[in-house]
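just the structure for this:
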Amino acid sequence: MSQAHPIYMDCNATTPIEPEVGKLIRHFFEEEYGNEGSRTHEFGTRAKAAVHQAREQIARLVDAKIEEVIFTSGATESNNLAILGLAHWGRSHGKTHIVSSRIEHKAVLEPIEMLAKDGFEVDWVAPEKNGRIDPAKFIQRVRPSTLLVSLMHANNETGVIQPIAEVADGLADHSAWFHVDAAQTFGKLLEPLKNHRIDLIGASGHKIYGPKGVGILIVRHRKKQKTPLTPLVYGGGQEQGLRPGTLPVPLVVGLGLAAEMGEKEHGARAKKCVEFRKKFLAAIEPLKPKIHGEEGQILSHTANISFPGISAEEAMVRIRDLVAVSNGSACTSASYQPSHVLKAMGLEKEEIVGAVRFSWCHLTPEPDWGAMVSKLKK
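This is a model prediction of the structure:
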């Protein structure tokens with residue numbers, strides 16, 4: 001087959017929007033444009049009801065209460081609020097130790113590094129060669145003074161799924177707050193995020209076929225005790241005083257619908273991604289690719305691959321008219337730094353320099369596999 005345009009295969013950076021979600025967002029931008037904080041007229045009442053419904057849709061996805069759903073601008077803000085927001089409580093209670101992994105997204109690494117500069121002690125746990133954190137080694141780092149344990153659900157570069165259930169079990173008798181960056185798995189891997197030992201969950205709308213500019217932080221209560229977060233921004237008291245500012249109602253309702261669709265269509269979407277993966281891996285097999293991560297422990301819609309004898313930059317240039325891919329996290333792609341994730345995994349320099357990330361979804365059409373392989377062979 002011949003292609004008129006490149007196929008988008010960078011869904012870990014951002015996803016296409018579901019048509020139904022896009023239609024709902026436009027309706028709330030153009031017709032139902034009331035402020036949900038306005039209590040004196042019908043426009044505000046309808047907006048408030050729509051936001052409430054979105055909270056219910058999101059809460060149901062992770063088995064949370066609606067009052068545990070805090071809207072933010074995205075996972076980066078959510079993760080910052082979860083991590084930096086615990087600092088004041090930690091200092092006042094003598095809890096100044098943090099455990100996290102070396103493969104976290106910058107939205108987790110950098111706020112933790114800020115706390116380290118401010119007197120907190122941090123244990124950084126490296127992954128195994130397969131990109132997965134050993135849960136036993138991870139839990140061993142926890143001490144009586146540990147305030148926070150932070151581990152991503154799946155890595156954005158490799159797609160390797162991390163053992164958050166095992167870590168949650170290991171924290172059963174410990175008071176440390178457990179934070180999970182679920183940007184890559186919210187609405188995709190459903191059951192693990194329903195674990196009530198996970199106190200804080202960060203996610204973004206634009207990773208689940210919803211709008212950019214909106215996200216959530218799930219702040220679970222422990223036996224009716226609220227997680228002791230201090231806000232990072234002040235002025236208005238919205239979102240239970242944790243995140244003030246007028247809610248972007250169109251984006252919020254779009255995220256709510258995207259979450260609901262993620263639950264209802266989970267099986268069909270997963271099946272499409274698995275089928276796409278099989279065809280993709282079969283097509284590139286003659287190139288003898290090196291897949292970074294262990295099959296069976298990788299998200300079905302992600303593949304981080306090095307092709308022998310070719311750099312990532314050259315590979316992307318060769319196939320850019322066929323597929324749109326990346327060589328790492330979209331948040332750091334402008335810096336051209338070697339991947340901190342692949343370095344932490346202990347990969348060889350040639351593998352790191354050659355690594356290309358392919359990521360797709362249930363909306364991704366198949367590219368011309370033969371043409372793509374041919375261009376990578378030359």
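
am I right that Val341 is in contact with Ala154?
No. Counting by CB atoms under 8 Å, Val341 does not reach Ala154; the two are 11.7 Å apart. Every residue, glycine included, has its C-beta placed from N, CA and C.

tell me which of these two has more neighbours.
Val341 (26 against 23; other CB atoms under 10 Å).

any idea which element the more buried one lies in?
Here Val341, judged by DSSP states H and E, is contained in helix 340-344.

tell me which strands and helices that helix is in contact with?
Applying 3 or more CB pairs under 8 Å, 6 or more residues apart in numbering; DSSP states H and E, we find helix 340-344 packed against helix 349-354.

mind listing the helices for the stretch 151-300 of the chain?
Secondary structure of the stretch 151-300 of the chain by DSSP state H, counting those that start in this stretch: the helices cover 164-170, 249-264, 266-284.

would you mind listing the buried residues in the last one?
Under the neighbour-count criterion of 16 or more other CB atoms under 10 Å, helix 266-284 has Arg269, Ala270, Lys272, Cys273, Phe276, Arg277, Phe280, Ala283, Ile284 buried.

what is it packed up against?
So helix 266-284, by 3+ CB pairs under 8 Å, 6+ apart, packs with strand 302-306, helix 369-377.

quick one: contacts of the helix holding Val341?
Under the contact criterion CB atoms under 8 Å, 6 or more residues apart in numbering, helix 340-344 has outside partners 102-103, 109, 126-127, 131, 155, 157-158, 292, 304, 328, 351-352, 355.

what does stretch 317-325 give?
3, 6-10, 310, 316, 356-359, 367-368, 371-372, 375-376, 378.

of those, buried ones?
7-10, 310, 316, 356-359, 367-368, 371-372, 375-376.

pick out the most distant pair among the residues you listed.
Pairwise distances among the buried ones among the contacts of stretch 317-325 were taken by CB to CB; the largest, 21.8 Å, belongs to Tyr8 and Ile310.

how long is stretch 302-314 from one end to the other?
Taking CA to CA, to the nearest Å, stretch 302-314 runs 20 Å from one end to the other.

I figured Leu376 hits Pro289, correct?
No. Using CB under 8 Å, Leu376 is not in contact with Pro289, being 9.2 Å away.

shared neighbours of those two, which are they?
With CB under 8 Å, 6+ apart, Leu376 and Pro289 have common neighbours Phe307.

picking that back up, among the helices of the stretch 151-300 of the chain, which comes closest to Asp199?
Using CB to CB, the nearest of the helices of the stretch 151-300 of the chain to Asp199 is helix 164-170, at 9.7 Å.

helices or strands up against that closest one?
Contacts defined by 3+ CB pairs under 8 Å, 6+ apart place helix 164-170 against helix 135-140, strand 177-181.

so how far is that helix from its chain's centroid?
18 Å (CA atoms, centre = their mean, to the nearest Å).

mind listing what's buried along that helix?
Using 16+ other CB under 10 Å as the test for burial, helix 164-170 gives Ile164, Ala165, Glu166, Val167, Ala168, Gly170.

and stretch 80-94, by the same measure?
Result for stretch 80-94 [16+ other CB under 10 Å]: buried residues Asn80, Leu81, Ala82, Ile83, Leu84, Gly85, Leu86, Ala87, Gly90.

and the strands in the stretch 101-250 of the chain?
121-125, 146-150, 177-181, 200-204, 215-219 (DSSP state E, counting those that start in this stretch).

per-residue pLDDT, Phe358?
pLDDT for Phe358: 98.

a strand runs through it, doesn't it?
Yes. Assessed with DSSP: H, G, I helix; E, B strand; the rest coil, Phe358 lies in a strand.

beta partners of it?
Ala303 (DSSP bridges).

any idea how far it lies from Thr158?
Distance, Phe358 to Thr158, using CB to CB, to the nearest Å: 11 Å.

pull up the overlap in contacts between those two.
With contacts taken as CB under 8 Å, 6+ apart, Phe358 and Thr158 have Thr302, Asn304 as neighbours in common.

the closest residue to Phe120 other than its chain neighbours and Glu30, how far apart?
Nearest residue to Phe120, sequence neighbours excluded (CB to CB, 6 or more residues apart in numbering): Thr96, at 5.0 Å. Noted for Thr96: a distance of 50 Å to Glu30, by CB to CB.

off-centre distance for stretch 113-129?
Counting by CA atoms, centre = their mean, stretch 113-129 comes out at 20 Å from the chain centroid.

sorry, slip of the keys, the one I care about is stretch 191-205.
Distance, centroid of stretch 191-205 to centroid of chain: 11 Å (CA atoms, centre = their mean).

next, the buried residues of it.
Pro192, Leu193, Asn195, Arg197, Ile198, Asp199, Leu200, Ile201, Gly202, Ala203, Ser204, Gly205.

now the two most distant members of those residues.
Arg197 and Gly205, at 25.4 Å, using CB to CB across the buried residues of stretch 191-205.

if we ignore the residues flanking it in sequence, what's nearest the residue nearest the centre of the chain?
Nearest to the mean C-alpha position of the chain, counting by CA atoms, centre = their mean, stands Ala183 at 1.2 Å. Leaving out its chain neighbours, the residue that sits closest to Ala183 by CB to CB, 6+ apart is Ala75, at 4.1 Å.
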